[in-house]
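# Have a look at this fold, sequence not included:
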Ligand SMILES: [Zn+2]
Ligand SMILES: [Zn+2]
């Protein structure tokens with residue numbers, strides 16, 4: 001996602017960019033054509049620009065337990081200063097500063113937008129809170145049906161009880 005200097009200078013209202021995951025080089029969070037919205041507000045201060053961005057997308061991720069599709073709305077914000085030269089004393093967070101020399105005509109924001117999405121990813125992706133996932137023994141999707149393995153466990157417990165019962169009766 002590249003922005004041209006002359007555009008930055010004329011953005012007085014928030015600008016909405018409709019791009020895709022592919023455009024910002026993200027290939028591991030679902031289909032490359034997944035839409036991403038970036039709302040950019042630009043403030044100019046001399047040769048420098050302050051960019052405030054809002055990033056929104058709906059990612060289709062795999063459930064951690066059953067691998068089923070999960071639609072994850074992701075929303076995050078970024079703030080970055082484009083400075084013509086690094087000031088001797090930085091009074092802002094260094095991560096929020098990007099050198100944008102006055103001879104450069106465009107600035108690449110893809111990694112900033114991508115980073116905003118990665119930061120906002122859910123720590124756990126579940127299709128639903130109580131997703132049962134797969135049986136570790138037979139691989140059955142336990143959300144669709146119970147599997148034989150659970151019954152076997154019950155049988156084992158029964159057999160222990162039966163053995164005790166038999167011992168008591170003897
Ligand atoms: Zn699941
Ligand atoms: Zn099983």
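Right, received. Where do you want to start? Only a predicted model underlies this, so the values are computations on that prediction, with no experimental measurement involved. Ligands and ions are numbered 1, 2, ... in the order given.
# Flag every residue of the protein that's near ligand 1.
Residues of the chain lying near ligand 1 by Cβ under 5 Å from the ion: 63, 65, 66, 68, 127, 131. The C-beta positions use only the backbone N, C-alpha and C, and glycine is treated the same way.
# quick one: the strands in the protein?
2-4, 15-20, 35-45, 48-62, 69-83, 97-99, 106-108 (DSSP state E).
# re the thing from before, dump the residues of the chain next to ligand 1 into TSV; add distance to ligand 2 and pLDDT as well.
Formatted as TSV, the residues of the chain next to ligand 1 follow (distance: Cβ to the ion, whole Å; pLDDT from 0 to 100):
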residue	distance to ligand 2	pLDDT
63	18	94
65	14	93
66	13	93
68	18	92
127	19	93
131	16	95
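# Need those in CSV (columns: neighbour count).
Supplementary listing: the residues of the chain next to ligand 1 in CSV, determined by neighbours: other Cβ atoms under 10 Å:
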residue, neighbour count
63, 17
65, 19
66, 19
68, 16
127, 19
131, 17
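# In helices, which of these appear?
Judged by DSSP state H, helices contain none of these.
# Closest one of the residues you listed to residue 116?
Of all those, the one with the least separation from residue 116 (Cβ to Cβ) is residue 63, at 23.7 Å.
# tally of neighbours for residue 147?
Residue 147 is flanked by 16 other residues according to other Cβ atoms under 10 Å.
# wait, doesn't it sit right on residue 140?
Yes. Counting by Cβ atoms under 8 Å, residue 147 does reach residue 140; the two are 3.7 Å apart.
# For the spatially most central residue of the chain, which non-adjacent residue is closest in space?
The centroid of the chain falls nearest to residue 121 when counting by Cα atoms, centre = their mean (3.0 Å). Among residues not flanking residue 121 along the chain, residue 74 sits closest, at 6.7 Å (Cβ to Cβ, 6 or more residues apart in numbering).
# and the one you found, how far is that from residue 64?
Distance of residue 74 to residue 64, computed by Cβ to Cβ, to the nearest Å: 16 Å.
# Up against ligand 2, what does the protein have?
135, 137, 138, 140, 147, 149.
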